[in-house]
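Q: A predicted structure for the sequence below; I have some questions about it.
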Amino acid sequence: MVHKIEKDLLRFKQIVRGKIKKDLRKYITRGELIGKKGKHLVSIPLPQIEIPHFRYGSNKREGVGQGDGEKGTPVGSDGEGNGPGGDQPGEHLLEVDITLEELAKILGEELQLPNIKPRGNKNVVAEKDRYTHIRKTGPESLRHFKRTFKEALRRQLMMGTYDPTKPRILPIREDKRFLSWETKQSPENNAVVIYMMDVSGSMGNEQKEIVRIESFWIDTWLRSQYKNIECRYVVHDAVAKEVDQHTFYHLRESGGTKISSAYELCLKLIQEKFSPYEWNIYPFHFSDGDNWSGKDTSRCAELLEQEILPKANVFCYGQVKSAYGSGQFKGDLDKHFAGDDRLITSEILNRDGILDSIKAFLGKGR
Amino acid sequence: MNLTSELRELKDEIRGYASEFGLDFFETFFELLDFDELNEVAAFGGFPTRYPHWRFGMEYEELSKGYSYGLQKIYEMVINNDPCYAYLMNCNALVDQKLVIAHVYAHSDFFKNNLWFSKTDRKMMDKMANHGTKIRRYIEKLGHEKVETFIDVCLTLENLVDYHAPFVKRRDDRRTRAGGEDEEEAALRAGVVRLRSKEYMDRFINPPEFLEAQKRRLEDKIQRKRRFPEDKQKDVLEFLLEYAPLQRWEQEILSMIREEAYYFAPQGMTKIMNEGWATYWHSTLMTQRILKDSELIDYADHHSGTLGTRPGALNPYKVGVELFRDIEDRWNKGKFGKEFDECDDLVAKKNWNRDLGLGRQKIFEVRKIYNDVSFIDTFLNEDFCREQKLFVYRYNPRSGQYEIGDRDFAKVKEQLLYSLTNMGQPFIYVTDGNYSNRGELYLWHKWDGIDLRFDQALDTLKGIHRIWQRPVHLETKEEGRGRLLSFDGENTSIKEITPTQ
């Protein structure tokens, strides 16, 4: 049965989706709202679309309840009940579950991100048959029962041989309909994202949070583009090491900063585990832009130019503004790689800058 | 789907018992729905079809999610209509169906007999369908976006009606009076009427202050007549319908929304009574007639679920049924009237019994003429409040929680009545349709200690502006200080003002 409500439901969902689109910036900058549930679900607690009314606010809100308890006993957090305007749904949140894919789609539409064109011929193509068509010939085992009888009924009605009192339908050969298939080729692309982060003393909690939020969205987008995606995390101060995701976001080191150490490790990872012939490689590096010395910066540029850039799809450097960092590094890179679109740099001043930074990184479709 | 033959027999049986006890209901048709269909009907407010609007989709989403996560379940829906329509969920156990059918007959009786429902349209089923058709036609003609946006606007104003309006006989001479000079004006011209007096006494009988006051009163009266509307008007929607520059289709839609608001209003105004009444009767019919021994446990389980209480909320089923039982008991034993009220011997009062047996008769009378406010006001007494463990809760900013604040009877009753009055909605009136002589609309909120939500109030003003098409204002207070919220078509503003009333 087709429900009449379905149209209204669809409309509501469209509006909600539009609202997510409109307020995307808000949701993105408020990292804590996005929680991954299980593997594929993300849940955005979204205010129920409330039709505005003249209604009471919450000051001096009181109500009548029923039950045991002394004066001062809490009555549960939802002081709803029969308070003024108590028949209203109040402040409750409607959880709108949307899948990560859908979220990525919204992100893509909103930021006008182009789909990524995987590089070269390193894509394993899988074939899959799907039964989506109907045709007039075929093996009996694929006969479409309902369509066949419909055809037969139609023919009998037209020929006037159908007798409603004795509804007997006999399909002949011309009536028969068979399922037919279509072969779809789906490329199976693999991608690896190598996140590198400067954890020297100057990167505070806020800076790390920005990195965390940004990498979540980068992840979300890349996952919508590639079938298999692997993430690796590298932290560095004066030396670099590979860590797990949790450590990546929570580690607080101090000490000097030698960015080249991270790039060397990144290169090592690529050489050992992720051959550029099989993988699309996305190195992301976040730092506050303070490097040990100009000499090290030259070393970084050299590494990038000769080793990493030819192997990676794109190299992204995000410079998070911090109170201590000089922010020198981005300028140095920009100068050295002017005009080279394999390297993208962006400066993230605060949380609101995240969206623009994502757009800068992924907007080229590489 | 129609009822199964088993349920049909059951229905006829229960119908018989209900009549036997004196329930007087509309002919009631039952339909059996699966959970999905029932959620759909519930989302449409009980009707099989409504005009297209996303809000119904939202309700449906909520209901069906609640159902699929096992958080909530609707057992039945009844529509106030003649004939009455009721929906049962097809997967309910038989004992649940029995309970629900009995419950439905009592609702039907309430719809038919309660005074507050007397002005509702009993052919609403058809009317809702007509509204749907009309709006669908407008959508085809004018486009979905346009019509939907206008409906959204109308819905923000949905609660700006006067729930007592259907019972007020309108003065129909209001508009014919516009031309011509009134007696007051003539009197003013002729000079203020002096009281008759001897000349030497005139100074004392008609002192200048008195004459001055008389004159002011007359002028005031004339001023009042020039005001538009003459008296403040609570039915804001009606005022807009009459005077706002609306196109035909806009007027039609606004009037449909208003009509539907008035149709649903009595259900909000009698929530406690209506559910209490239905619960009283399903328990009476079930325990005295319908139940088989083997079903007792299941029935008790379901029934107690219906009457369960949580500290933070008042269960209308529970309060309603207990109050009806209390009334029945009091009138059976004669615990009412001057003699009883003035008796100060607590033991005697407790054991008071005059064997009047008026209980049944009394509750039938109560269901006929009361609504929730008058029901609670008249019958909720101190003993009931104590026995039912009612309390006032309030927000404690220090702990950030709602806490039990008071068990004092007077406070509980006051708070309860307050929350029921005007269905817990703020009182908003039109006081001036020609504010500052510029055709601007001036609304007044009767502030009684609780502030409005300003963000929503401003959005609502935008909605009214869409209809009135001239700047709109709302006078209210914020923590006791006067505020004027305005929207002039482009900007919203909040100004400090001295309250006008």
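A: On my side now, so go ahead.

Q: give me the element the nearest residue to residue B:112 once chain neighbours are set aside is part of.
A: Leaving aside its chain neighbours, residue B:112 sits nearest to residue B:26 (5.2 Å; criterion: C-beta to C-beta, 6 or more residues apart in numbering or on different chains). C-beta coordinates here come from the backbone N, C-alpha and C atoms, glycine included. Using DSSP states H and E, residue B:26 falls within no helix or strand.

Q: now the strands for the chain?
A: All of this refers to chain A. Applying DSSP state E to chain A gives strands spanning A:35-37, A:41-47, A:62-66, A:93-99, A:124-135, A:178-188, A:190-198, A:228-236, A:240-243, A:280-287, A:315-320, A:343-348.

Q: try again with chain B
A: B:28-33, B:76-79, B:84-89, B:390-396, B:401-406, B:428-435, B:440-445, B:472-478, B:481-487, B:492-496.

Q: do you know which of the ones you listed lies nearest residue B:283?
A: Nearest of the strands of chain B to residue B:283, taken as C-beta to C-beta: strand B:76-79 at 15.4 Å.

Q: neighbouring contacts of the closest one?
A: The contact list for strand B:76-79 (C-beta atoms under 8 Å, 6 or more residues apart in numbering or on different chains) reads B:28, B:38, B:41-42, B:46-47, B:84-89, B:100, B:103-104, B:107-108, B:111, B:124-125.

Q: 6 Å instead?
A: Contacts to strand B:76-79, defined as C-beta atoms under 6 Å, 6 or more residues apart in numbering or on different chains, come from residues B:41, B:42, B:46, B:85, B:86, B:87, B:88, B:100, B:104, B:107.

Q: what about the third one, neighbour count?
A: Neighbour count of residue B:46, defined by other C-beta atoms under 10 Å in any protein chain shown: 21.

Q: and it, what is it in contact with?
A: Counting by C-beta under 6 Å, 6+ apart, residue B:46 touches B:77, B:79.

Q: Now the stretch 251-366 of chain A against chain B: closest residue?
A: Nearest residue of the stretch 251-366 of chain A to chain B (C-beta to the nearest C-beta) works out as residue A:352 at 22.1 Å.

Q: per-domain residue ranges of the chain.
A: No chain was given, so I picked chain A. Domain segmentation of chain A under automatic domain parsing yields A:1-48+A:92-112, A:125-185, A:189-362.

Q: ah, I was thinking of chain B
A: Split by automatic domain parsing, chain B gives B:5-114, B:307-421, B:426-496.

Q: first to last residue in the last one, what's the distance?
A: Domain B:426-496 has an end-to-end distance of 20 Å (C-alpha to C-alpha, to the nearest Å).

Q: Please apply the same query to the second one.
A: Counting by C-alpha to C-alpha, you get 24 Å between the two ends of domain B:307-421.

Q: Please state the offset of that domain from the chain centre?
A: Here the centre of mass of C-alpha atoms in domain B:307-421, compared against the chain's by C-alpha atoms, centre = their mean, to the nearest Å, lies 20 Å away.

Q: Quick check: the residue nearest to residue B:8 when sequence neighbours are not counted vs chain A, distance?
A: Spatial nearest neighbour of residue B:8, excluding adjacent residues (C-beta to C-beta, 6+ apart): residue B:2 at 7.9 Å. Separation of residue B:2 from chain A (C-beta to the nearest C-beta, to the nearest Å) stands at 16 Å.
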